[in-house]
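> build me a model from this:
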Amino acid sequence: MRPDQTTEFREYVVSRQERMRRFAYLNCGDWHRAEDLVQTAFVRLYGAWNRAAKSSLDSYTRRIIVNALIDERRRGWFRRERPTDTMPDRPVVSDDGTQRMAVMQALAALPAKRRATLILRYWEDLSVEETARVMRCSVNTVKSQTARGLQTLRGMVIESISDTPQGANK
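Next comes the predicted model:
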């Protein structure tokens, strides 16, 4: 890579690192994994910097993050059950963050592609067409994944909030 391209890449990484880390966190639910995903994405982007369209670098980087997460999950390590002697406690959700925690937990429970679609549409505020381009799928697929994801998310959030002691008293 030429020195001027290296400078462009460095400036892009510095300006987008935190935003991409938040995007990765929303997709995986773990800050450490999010940092790893972003690092992987930037390494892959560096290799494709000459070929990448400068007008759509954010979309391209988000797509790399989603693909890296899906690839990581395909390896099977995160799908293994981990036996314990006791059942885990249900998290106690405070009044001020009840809905936020419920949404984050429900979002984490969604399949990776559906979660990515919802995050791109509502967190990143992308249009249906832009989301389809990032996800490399049709507009109709984005619409159906969004509708199904929202329906599932609403059901899980309502169930989660009603299961908490604060929700039972309301």
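
> contacts, neighbours, all on C-alpha from now
Will do.

> what segments of this structure are helices?
Applying DSSP state H to the chain gives helices spanning 3-28, 31-47, 57-74, 98-109, 112-118, 128-135, 139-163, 165-169.

> which parts of stretch 150-161 are buried?
Across stretch 150-161, burial judged by 16 or more other Cα atoms under 10 Å covers 150, 153-154, 156-157, 160-161.

> ditto for stretch 18-32
20-29.

> quick revisit: which one of the helices of the chain lies closest to T84?
Between T84 and those, the shortest separation by Cα to Cα is 20.6 Å, and it involves helix 98-109.

> ok, now how distant is the residue nearest to the spatial centre of the chain from M20?
Nearest to the geometric centre of the chain sits N27, at 1.8 Å (Cα atoms, centre = their mean). For N27, the distance to M20 equals 11 Å [Cα to Cα, to the nearest Å].

> rewinding a little: in JSON lines: the helices of the chain, plus mean pLDDT and distance to D85.
Shown next, in JSON lines, are the helices of the chain (pLDDT from 0 to 100; distance: least, Cα to Cα, whole Å):
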{"stretch": "helix 3-28", "mean pLDDT": "92", "distance to D85": "26"}
{"stretch": "helix 31-47", "mean pLDDT": "93", "distance to D85": "26"}
{"stretch": "helix 57-74", "mean pLDDT": "89", "distance to D85": "26"}
{"stretch": "helix 98-109", "mean pLDDT": "83", "distance to D85": "23"}
{"stretch": "helix 112-118", "mean pLDDT": "92", "distance to D85": "29"}
{"stretch": "helix 128-135", "mean pLDDT": "92", "distance to D85": "41"}
{"stretch": "helix 139-163", "mean pLDDT": "87", "distance to D85": "24"}
{"stretch": "helix 165-169", "mean pLDDT": "49", "distance to D85": "26"}
